[in-house]
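*Asks:* One predicted model, sequence on top.
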Protein chains: 2
Amino acid sequence: MDETIDAGALAARMASAARAASRALGRASSAQRDRVLERLAALLTERQDELVAANTRDLEAADAAGVTGALRDRLALTPARIAAMAEGVRQVMALPDPLGGIERLARRPNGLMVGRMRIPLGVICIIYESRPNVTVDAGALCLKSGNAPILKGGKEAIHSNAALVALMREALADAGLPADCVQAVATSDRAVTDALIRCSGDVDLVIPRGGEALIRHVTEHATVPVIQHYKGVCHVYLDRDCDLEMATEIAFNAKVQRPGVCNAMETLLVHRDLAPRLIPRLFPRLEAAGVTLRADARTRALWPAAQAATEADWDTEYLDLVLSVRLVDDMDVALDHIARYGSGHTEAIVTNQYASGQRFLREVTASCVLINASTRFNDGFELGLGAEIGISTSRLHAYGAMGLEELTARKWIVYGEGQVRG
Amino acid sequence: MDETIDAGALAARMASAARAASRALGRASSAQRDRVLERLAALLTERQDELVAANTRDLEAADAAGVTGALRDRLALTPARIAAMAEGVRQVMALPDPLGGIERLARRPNGLMVGRMRIPLGVICIIYESRPNVTVDAGALCLKSGNAPILKGGKEAIHSNAALVALMREALADAGLPADCVQAVATSDRAVTDALIRCSGDVDLVIPRGGEALIRHVTEHATVPVIQHYKGVCHVYLDRDCDLEMATEIAFNAKVQRPGVCNAMETLLVHRDLAPRLIPRLFPRLEAAGVTLRADARTRALWPAAQAATEADWDTEYLDLVLSVRLVDDMDVALDHIARYGSGHTEAIVTNQYASGQRFLREVTASCVLINASTRFNDGFELGLGAEIGISTSRLHAYGAMGLEELTARKWIVYGEGQVRG
């Protein structure tokens, strides 16, 4: 009971400090915010020994806990990785300032000039797992956009994150801004995070990044708005009339190029008339790349080596070299399948038909809908945002890749000359 | 216990029906959606006797409950009010279609054409109190923007709302669209609404409109995103160097023209050097209009007739002919006061100084910040939106007046020519 009270008080103190600091940050000029990032990039390099030392403590704990392989590797900070982080910070610094611009300034009949000015969202709580580079990436994007982040990383990286946040706070102070513009939740006590996401007055947004259980927990318990990044059950639909070579390359790329990410294809939908020509071209390549095929009965009639797909397959984000395949009689069936099983993440069609492409674009609801291109392009960098804080699968505020602009709001501004309402 | 299960099942059934209907609505052409609104406007007039009869049942219940005055008046449907509703529907119909437009279509270095297409949010649950005209206004805005609303009005208007929603469903059917594109929660059982706001898979947004208790309850219990419309503690700051006549007119208008609404001024901040000239001009006019003044000590030294303001006054949305007044030494004090007590709704400055105006515009965080104009202009119609579903005081998704565009999301769209990721 006492612990809960302490967690609540700690969260309230952090949120209120962030709110106060965010006011100063919101007032800071673009040049001043850029100075913070410049200083941070320099400090990352200067203090790399400190960072490696802090990271070593996390790695030792991981070793003691028997963590190995990819998980351990993601945790490790090397001089090369630290240099890459610093370079990432400089890239964010070089992006245009998302704040202060006034859009759609127009004159009303009564002479009022009405427009909308970009402002920071305020205080953003970011909850993520393991990799310490997220700490710096997310922190840099928030500072560039005038937002004060409260960062809660995975407990495996707690010392690394603390060291990285300490450098950010030093960079802020060096640039004349409050250190509390960036804070880390320095405890793995979940009660603190659970209290933070209920600090509605002081925290403006929560972005949970990680597994579905984490996101559901946050959505369930937060009173602060949440931007969700749920799984990607992404489809590629190969239309009756499409370029066989292009269809093969796109399907192969969408599945194989990086199967472990959310914009990789999980289900392939093939028009029945295309299947006899497509399957003998595509499936051997997929199998040679190690892909396990799970197909419906009609596909298996053409390719008996495939396993039988179950209902559960259509709902599954494999994040692995596994692909479910279904033959469809026409585009209506493909659209119904996507509406039913798709997660609203990324959907692509390959077609030669103008009308098919336009219809797919219009009728599919997903954060990114592509014609004749790989699903793997649904990514902030590839779409031209310059940087990405994540991919939202909720339609409120931001849908899909979120860059700097998606970390801002717009307030109405009015230039008057003494107008009053009649 | 059984009742809770029933409420949950009813909510789930309504949400799922709305989701299915919203797919058809999202596919409907602009012309088809407009036909629904045209038919609705016609039906409102044709069936006004039906509506008046349903409304009579609500009025009888109100009379039995002893409801009188403004509250009873707001509930009443007369032929003139029904005609005004129909005219409102036609006005919404005449607005440009907010859907399908593609913004910022630009070519990436790899040849991909990347843009963002406006789509509906999906299913929107709107919870509001008393006035039956909200049913038609909100319904028309949702249908125009391709969203399927689930409407939960006040229990005092339950028969009126049911009759209005029945006409909307008839108009939908007449235009060849599913009637479930609009549904009313036909019970005053709060458990149904409480279950609806947790139907995360099928409901995309909740907009509670009403008292603070309602909004807090929804925010606390929803898992679906909520757009809040909290109170407006709005300020006007009269700068040292400003036009006395303009300052007087704006302050008077902001307080008196319609004191019961959220964009009316509640607190006046006066630069100390302006006060001796301003107060003898403005205060007699305010008092003559029936305004009660609650002032700090320095103001009362100049105008002893004013009551003494307490700390609570600075936090209060009077929604009445009451005004709190504070003298400030400079703009920093005014900005601090607004940051501390303002509700982020509407804030105005009256000034002749270029630098003061620009600084106020930049540094005040509110959904609408005005220079030399009355706070009363923070309204969707006045700002040029053509219609308004409310004023959001949360910065996520929409900040301030929400029109048709704020009822949409943008999905990324990509036109490719066979591009794959390397």
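*Replies:* Great, that's in hand.
*Asks:* Pretty sure residue A:391 sits in a strand.
*Replies:* Yes: under DSSP: H, G, I helix; E, B strand; the rest coil, residue A:391 falls within a strand.
*Asks:* number of nearby residues for the residue lying closest to it once chain neighbours are set aside?
*Replies:* Counting by Cβ to Cβ, 6 or more residues apart in numbering or on different chains, residue A:391 lies nearest to residue A:401, which is 5.4 Å off, once chain neighbours are set aside. Backbone N, C-alpha and C define where each C-beta goes, glycine included. For residue A:401, the neighbour count with other Cβ atoms under 10 Å in any protein chain shown is 25.
*Asks:* try residue A:289
*Replies:* Around residue A:289 there are 13 other residues, counting by other Cβ under 10 Å.
*Asks:* now do residue A:49
*Replies:* When neighbours are defined as other Cβ under 10 Å, residue A:49 has 10 of them.
*Asks:* Then the one 4 residues further on?
*Replies:* Residue neighbour count, defined by other Cβ under 10 Å, stands at 14 for residue A:53.
*Asks:* same deal with residue A:10?
*Replies:* 18.
*Asks:* mean confidence score for the helix or strand containing it?
*Replies:* Using DSSP states H and E, residue A:10 sits in helix A:2-27. Here helix A:2-27 scores 89 as its mean pLDDT.
*Asks:* anything in that helix near chain B?
*Replies:* Yes: using Cβ under 8 Å from any Cβ of the partner chain, we find that helix A:2-27 touches chain B at A:23, A:26, A:27.
*Asks:* ok, back up a step: so what's the residue nearest to residue A:391 up against?
*Replies:* A:367, A:368, A:378, A:379, A:380, A:383, A:385, A:388, A:390, A:391, B:412 (Cβ atoms under 8 Å, 6 or more residues apart in numbering or on different chains).
*Asks:* Residue A:111 too?
*Replies:* Contacts of residue A:111 by Cβ under 8 Å, 6+ apart are A:416, A:417, A:419.
*Asks:* how about a markdown table for those, with distance to residue B:60 and neighbour count added?
*Replies:* Below are the contacts of residue A:111 laid out as a markdown table (distance: Cβ to Cβ, whole Å; neighbours: other Cβ atoms under 10 Å in any protein chain shown):
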| residue | distance to residue B:60 | neighbour count |
| --- | --- | --- |
| A:416 | 47 | 24 |
| A:417 | 51 | 13 |
| A:419 | 44 | 22 |
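*Asks:* Just the residues you listed: which are in helices?
*Replies:* The members of the contacts of residue A:111 all map outside helices under DSSP state H.
*Asks:* residues in contact with stretch A:73-90?
*Replies:* A:37-38, A:40-42, A:44-45, A:48, A:51-52, A:55, A:58-59, A:62, A:67, A:130-133, A:136-137, A:140, A:156-157, A:160.
*Asks:* and what of stretch A:174-190?
*Replies:* So stretch A:174-190 is contacted by A:3, A:7, A:10, A:14, A:17-18, A:20-22, A:24-25, A:28, A:32, A:35-36, A:39, A:135, A:139, A:142-143, A:148-153, A:155, A:158, A:161-162, A:165, A:168-170, A:172-173, A:192-193, A:196 (Cβ under 8 Å, 6+ apart).
*Asks:* distance of residue A:122 from chain B?
*Replies:* Using Cβ to the nearest Cβ, to the nearest Å, we find residue A:122 at a distance of 7 Å from chain B.
*Asks:* For that residue, list the residues it contacts.
*Replies:* Counting by Cβ under 8 Å, 6+ apart, residue A:122 has contacts A:19, A:22, A:26, A:147, A:148, A:203, A:204, A:205, B:365, B:395.
*Asks:* any idea which of the residues you listed has the most stuff around it?
*Replies:* residue A:148 (33 neighbours).
*Asks:* Settle this for me: it is touching residue A:126, isn't it.
*Replies:* No: look at residue A:148 against residue A:126 with Cβ atoms under 8 Å: they stay out of range, at 11.1 Å.
*Asks:* shared neighbours of the two, anything?
*Replies:* Joint contacts of residue A:148 and residue A:126 (Cβ under 8 Å, 6+ apart) are residue A:142.
*Asks:* Point out where chain A drops to low pLDDT.
*Replies:* Low-confidence segments of chain A (pLDDT under 70): A:1-5, A:130.
*Asks:* one more time with 50, if that's ok
*Replies:* A:1 (pLDDT under 50).
*Asks:* which bits of the stretch 51-200 of chain A sit near chain B?
*Replies:* Taking Cβ under 8 Å from any Cβ as the criterion, the stretch 51-200 of chain A approaches chain B at residues A:100, A:106, A:108, A:112, A:114, A:117, A:119, A:121, A:122, A:200.
*Asks:* again, only using 6 Å
*Replies:* Counting by Cβ under 6 Å from any Cβ of the partner chain, the positions of the stretch 51-200 of chain A adjacent to chain B are A:108, A:112, A:114, A:121.
*Asks:* Most neighbours of all the residues you listed, which one?
*Replies:* The residue in those with the most neighbours, by other Cβ under 10 Å, is residue A:121 (24 neighbours).
*Asks:* residue contacts, that one?
*Replies:* A:147, A:204, A:205, A:409, B:395 (Cβ atoms under 6 Å, 6 or more residues apart in numbering or on different chains).
*Asks:* Now go through the residues you listed and say which are in helices.
*Replies:* Judged by DSSP H, helices contain none of the contacts of residue A:121.
*Asks:* And those, which is closest to residue A:312?
*Replies:* residue A:205 (33.8 Å; Cβ to Cβ).
*Asks:* Leaving out the residues flanking it, which one is nearest to that closest one?
*Replies:* Leaving aside its chain neighbours, residue A:205 sits nearest to residue A:124 (4.8 Å; criterion: Cβ to Cβ, 6+ apart).
*Asks:* swap in residue A:32?
*Replies:* Residue A:32 sits nearest to residue A:175 (Cβ to Cβ, 6+ apart), 5.9 Å away.
*Asks:* do you know how far residue A:68 is from residue A:107?
*Replies:* Distance of residue A:68 to residue A:107, given as Cβ to Cβ, to the nearest Å: 65 Å.
*Asks:* Residue of the stretch 251-400 of chain A closest to chain B, please.
*Replies:* Ranked by Cβ to the nearest Cβ, the top residue of the stretch 251-400 of chain A for proximity to chain B is residue A:373, at 2.8 Å.
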